[in-house]
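Student: can't give you the sequence, but here's the structure:
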């Protein structure tokens, strides 16, 4: 049988927790007599980073390759945009800006070397670099989604550098806006 004072200790702890010092819900004032809205304003509505834009939705799929949207090449183990990549992106951006009726999916790909997890992360970095560059060129970021396929969708399966370099890419796919 438990002593009766245990119940009193639990009840006192509960009452103390419920009566937390510093805020009165009815008055809206804190312990320092500052309005509660001002004291917690930053917590209530955190500001989104200025550079972040909501991506287009990947739901329902339907993204297809287009002949006028070129693949963007990448160097081994890199998400840095080369001069060749920048040229392809500028041409792609002009096509995308001229066709506002499409949404875009940038798919990042890697060659077969490295682990699945590493290549998925690298493919996502590549896709994000392409998406960010499109935004800098004036393509609305809300129209562009990203995905990484890592090493899971190679265009070439030979065990040679020429083949691996073809697999290191970001593809820009499109679909009609939904």
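Tutor: Structure received. Please read all numbers here as calculations on a predicted model, not as lab measurements.

Student: okay, and for this protein, where does confidence drop off?
Tutor: In the predicted model of the chain, residues 1-60 satisfy pLDDT under 70.

Student: got a list of what the residue lying closest to residue 173 once chain neighbours are set aside touches?
Tutor: Ranked by CB to CB, 6 or more residues apart in numbering and with sequence neighbours excluded, the top spatial neighbour of residue 173 is residue 63, at 3.8 Å. Where you see a C-beta, it was placed from the backbone N, CA and C, and this is true even at glycine. By CB atoms under 8 Å, 6 or more residues apart in numbering, residue 63 lies in contact with 103-105, 173-175.

Student: Outline the domain layout of the protein.
Tutor: When the chain is parsed with automatic domain parsing, its domains come out as 4-44, 72-176.

Student: Can you tell me which of the ones you listed is most buried?
Tutor: Across these, averaging neighbours per residue (mean count of other CB atoms under 10 Å) puts domain 72-176 on top, at a mean of 18.

Student: End to end on that one, go ahead and measure it.
Tutor: With CA to CA, to the nearest Å as the measure, domain 72-176 spans 22 Å from end to end.

Student: what comes into contact with the helix ranked longest in the chain?
Tutor: What stands out as the longest helix in the chain, according to DSSP state H, is helix 116-136. Contacts to helix 116-136, defined as CB under 8 Å, 6+ apart, come from residues 51, 53, 55, 72, 74, 77, 79-81, 86, 89, 92-93, 96, 104, 106-110, 114, 141, 144, 146-152, 169-170, 172.

Student: mind redoing it with 6 Å?
Tutor: Applying CB atoms under 6 Å, 6 or more residues apart in numbering, the contact partners of helix 116-136 are 72, 74, 79, 81, 89, 93, 106, 108-110, 141, 144, 146, 148-151, 170.

Student: Likewise for stretch 149-159?
Tutor: Contact with stretch 149-159 is made by 107, 109-110, 112, 116, 119-120, 123, 163, 166-167, as judged by CB under 6 Å, 6+ apart.

Student: change it to 8 Å
Tutor: Outside stretch 149-159, the residues that reach it (CB under 8 Å, 6+ apart) are 107-114, 116, 119-120, 122-123, 162-164, 166-167, 169.

Student: any idea how far the closest residue to residue 71 other than its chain neighbours lies from residue 108?
Tutor: Leaving aside its sequence neighbours, residue 71 sits nearest to residue 169 (CB to CB, 6+ apart; 4.5 Å). Distance, residue 169 to residue 108, by CB to CB, to the nearest Å: 8 Å.
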